[in-house]
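Peer 1: Let's see this in three dimensions:
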Amino acid sequence: MPHVAPRLVPSQNIRLYASLSMMAFLWGGTFVAGRLVSAEMPPLVAAMARFGLAALLLLWLVRKEEGGLPRLTWRQSGLMALLGLSGVCLYNLFFFAALAEMPASRTALFVAFNPIAVALIGALTAQRLLPIDQTAGICVALIGAVIVISGGDIAGLLIDVGAGFGRGELFMLAAVGSWVGYTLLGRTALGSISPLAATTWAALFGFVFLAMGLLIAGPTQPLQLPTLTCTLAILYLAIGGTVVPFVWFYLGVRELGPERTAVFTNLVPVFGVGLGAAILHEPLEAAMLAGGALVIAGVFLTNRK
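Peer 2: Predicted coordinates:
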């Protein structure tokens, strides 16, 4: 029987918005953790470690919450394989490869373009226009995210990225394209399967693709036992960066749609800057606060009734 999403009441909306905000908070930490891991592991090995552990945890969780994974039809199997290829295998290969080539701030800049890319490609494929308030909200959130990432010097950041456009930037463009595919395909996949089951199947298929890639390519450098720092970073990427936020993301895609859910990812750099100021005592400038306010306003505008 197809999975029918219930209509959300206001209290459920609030819980969902809180979950998607926490999703952005958890993903804000993946840039730091990914940077630590990429310093010790090749991208393919790092992605395998992340999603191998995440797949095990998801299997345990889906068994506990839903009694196990549902059997898939051939069509569902194809969709889950595409989800694993786009959102797990390709996205993470490009993500880790980019982090090995460029600073985390530049990586975050490209991630900030995810929501508008989802909106544009989704509108083209569906041959429809987004409501004007959703379009405005996505644009406002994007501007706010760029202000946060650049510390208020948008022109300087864009000139710097343009002047130094290289392998890392190309990897991040490919990562954005992979995530757009994962997001839009999820809307179709979630018509007959729960967000938790879809995330688990995607992680399993993605891990298989990553393992096949490692077998074909072979290790690019001698493998060594990870340090304690690297091990903790992988644990964070698997649990805080995958299991919890991926399920919440697909819950949002099912209930709100891809565009309204994707705009929450613009909160990622806001939380990243806030965590840096709170934990690492990094400077917090007025422009960053203003940019954060714009992101929050954009998220609200996109999701208001």
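Peer 1: give the contact list for the closest residue to Phe51 other than its chain neighbours.
Peer 2: Excluding the flanking residues, the one nearest Phe51 by C-beta to C-beta, 6 or more residues apart in numbering is Phe207, at 4.7 Å. In short, each C-beta sits where N, CA and C put it, glycine included. By C-beta atoms under 8 Å, 6 or more residues apart in numbering, Phe207 lies in contact with Met48, Phe51, Gly52, Ala55, Gly84, Val88.
Peer 1: redo that, cut-off 10 Å
Peer 2: Phe207 makes contacts with Ala47, Met48, Arg50, Phe51, Gly52, Leu53, Ala54, Ala55, Leu56, Gly84, Val88, Cys89, as judged by C-beta atoms under 10 Å, 6 or more residues apart in numbering.
Peer 1: now for whichever strand or helix holds the fourth one, which elements pack on it?
Peer 2: Translated: Phe51. If you go by DSSP states H and E, Phe51 is part of helix 43-66. Counting contacts by 3 or more C-beta pairs under 10 Å, 6 or more residues apart in numbering; DSSP states H and E, helix 43-66 is packed against helix 30-38, helix 91-99, helix 195-217, helix 228-238, helix 244-256.
Peer 1: and of the contacts of Phe207, the nearest to Thr302?
Peer 2: Nearest to Thr302 among the contacts of Phe207 is Val88, at 26.1 Å by C-beta to C-beta.
Peer 1: Quick check: the closest one vs Thr199, distance?
Peer 2: Remark: distance between Val88 and Thr199 (C-beta to C-beta, to the nearest Å) = 10 Å.
Peer 1: any common contacting residues for these two?
Peer 2: By C-beta under 10 Å, 6+ apart, Val88 and Thr199 have these common neighbours: Ala54, Ala55, Thr242, Phe246.
Peer 1: residue contacts, the third one?
Peer 2: Residues near Thr242 by C-beta under 10 Å, 6+ apart: 26-27, 30, 50-51, 53-55, 57-58, 88, 92, 199, 203, 206, 236.
Peer 1: go with 7 Å
Peer 2: Contacts for Thr242 (C-beta atoms under 7 Å, 6 or more residues apart in numbering) come out as Arg50, Phe51, Ala54.
Peer 1: Can you report phi and psi for it?
Peer 2: phi -130, psi -70 (degrees, to the nearest 10).
Peer 1: where are the low-confidence patches of the stretch 51-200 of the chain?
Peer 2: Residues of the stretch 51-200 of the chain meeting the criterion pLDDT under 70: 103-109, 126-129, 149-166.
Peer 1: which residues in it form helices?
Peer 2: Applying DSSP state H, counting those that start in this stretch to the stretch 51-200 of the chain gives helices spanning 74-83, 91-99, 104-111, 114-126, 132-150, 154-163, 167-189, 195-217.
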